[in-house]
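*Asks:* A predicted structure for the sequence below; I have some questions about it.
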Amino acid sequence: MPELEDLQHFLITRPHALVARYEFLSFRKAEAGRAWLNGLIDKVGTASSVASSNLDSRWVTVAFTWNGLRTLGVDESSLTNFPEEFQQGMAARATILGTTGANHPDHWVGGLGSPELHAIVILFARDVVERERCRREHEEYLRGLPDVEVLSSLDLEAIAPYGHAHEHFGYRDRLSQPAIEGFGVEPTPGSGPPIKAGEFFLGYPDEEGSCVLPQPEILTRNGSYLAYLMMEEHVGRFRDFLRQNGATREEQELVAAKLMGRWRSGAPLVLAPDKDDPELGGDLQRNNDFNYGEMDPHGYGCPLGAHARRMNPRDTAANMQRRKMIRRGGTYGPALPEDAPEDGIERGIAAFIGCASLVRQFEFAMNVWANDPNFHELGNERDPIFGTQDGSYDMTIPKRPIRRKIKGLPAFTTIRGGAYFFLPGIRALRYLAALGN
Ligand code: HEM
């Protein structure tokens, strides 16, 4: 049985938050970091507390980098038990991740990528009023802890006027997500069997029956890894591209759908290859009920290189149960009104990928699915939505009798920062806060 009182809620429940704030912290002294944590633990949402209350209006999550754990005083022998990629941090993994060129850590903002980054506190709030109240409360709390520095922060807001999650390019989001065995949520039709909890949380059997739990157990049990990515979305450039590649509104919508693998309504191309079907897009009982190998092997509906097909190739890739990722986060920056020219204001997605193995799940997705130009034997392509693009990669849209190849895709997104965090259970937070006593 999952220990719901000990697991942080973040990867398990999705609260009714419309806004968020992330604060990236550095501890100048170990005692200051521990004191900060000690005063905060009772505010952290657990899987059981968040699930049992509809009345909350804010949800708090805390997580640490490897440098943060070290600064808090975790001993060297425990620190070296963490996997190498987590010890190194995301910035050091740029070559493996394919975050080169404009996406390279040298250009990252807000202290992300710096060894001084020790912790993140993630606040989800029901509305802006509540977020601002919490922001002030945390500011006040930090006034008494001068050795805890806020390196940077990011405010996020759901984009109006949609009634459900959308990102800035206009696609409906949060349609496909893994269902975890033992957590009481059935997979939606077509999503495959539920996934073993050990694929996301340390201390539970994974798909191979192993139970990964680096020592000391008190620190790692019920923990997960989070890969954080702040991705700017160049909406003006994206819309220009659609106009250049589609003569009519309908054609432009089709090109947008081909890049994603779903229409902007969420309707999957495999089930709606020729025209949008918004009712299907919003129907969770139907909008994942498809595969690629049998239903669309050549990509005539959904191109092999489309974002959603790359990020979950379903029945066309081996070992899929071991590669699933939990996605969390939201959008930042104001929406660019339809038909408005690019306004130079930064906007994008700031998201977390939750998993039990950064190498097997997140890094594999980045290295192979997003950035290997030869994935699916495509030859010279990368993920059209967030792969590292520099104008030299293409996008093939298979079609009978002749396929269409769009040459030299521009970068629709730029990675502005990223980091690897460990998301501990509640007992582990208490253990960390008490180190040195
Ligand atoms: C700005 C960057 C991104 C945008 C705009 C974006 C947008 C989307 C949208 C609209 C969907 C379809 C809705 C859904 O299936 O829930 C989707 C699916 C998905 N994306 Fe992204 N995404 C971005 C980056 C990423 C990254 C960095 C990852 C992981 C490394 C990722 C992994 C996935 C996965 C696993 C799916 C589900 C595919 C499926 O199960 O069919 N995405 N994305």
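*Replies:* Arrived safely, thanks for sending.
*Asks:* Give me the domain ranges for the protein.
*Replies:* In the domain annotation for the chain, the residue ranges read 9-167+211-224+422-434, 231-321+334-418 (automatic domain parsing).
*Asks:* got those domains as JSON lines, with mean pLDDT columns?
*Replies:* Formatted as JSON lines, those follow (pLDDT from 0 to 100):
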{"stretch": "domain 9-167+211-224+422-434", "mean pLDDT": "96"}
{"stretch": "domain 231-321+334-418", "mean pLDDT": "96"}
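*Asks:* which secondary structure elements does the lengthiest helix in the chain contact?
*Replies:* In the chain, taking DSSP state H as the definition, the longest helix is helix 128-143. The contact analysis (3 or more C-beta pairs under 8 Å, 6 or more residues apart in numbering; DSSP states H and E) places helix 128-143 against strand 19-27, helix 30-40, strand 58-64, strand 119-125, strand 148-157. Just so you know, the C-beta spots here come from the backbone N, C-alpha and C atoms, and that holds for glycine as well.
*Asks:* can I get these in CSV with mean neighbour count and distance to residue 199?
*Replies:* Below are the helices and strands packed on helix 128-143 laid out as CSV (neighbours: other C-beta atoms under 10 Å; distance: least, C-beta to C-beta, whole Å):
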stretch, mean neighbour count, distance to residue 199
strand 19-27, 23, 25
helix 30-40, 19, 27
strand 58-64, 24, 18
strand 119-125, 25, 22
strand 148-157, 18, 27
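*Asks:* would TSV of the ones you listed with distance to residue 377 be doable?
*Replies:* Shown next, in TSV, are the helices and strands packed on helix 128-143 (distance: least, C-beta to C-beta, whole Å):
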stretch	distance to residue 377
strand 19-27	39
helix 30-40	49
strand 58-64	38
strand 119-125	39
strand 148-157	38
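*Asks:* Looking at the ones you listed, spot the one closest to residue 12.
*Replies:* strand 58-64 (11.0 Å; C-beta to C-beta).
*Asks:* Contacts for the closest one, please.
*Replies:* 8-10, 15, 17, 37, 40, 43-45, 50, 72, 118-126, 130-131, 134, 226, 421-424, 429, 432 (C-beta atoms under 8 Å, 6 or more residues apart in numbering).
*Asks:* Next, the angle from it to strand 19-27.
*Replies:* Here the directions of strand 58-64 and strand 19-27 differ by 30 degrees (axes from the mean of the first three to the mean of the last three C-alpha atoms, to 10 degrees).
*Asks:* residue contacts, residue 43?
*Replies:* Residue 43 sits in contact with residue 60, where contact means C-beta under 8 Å, 6+ apart.
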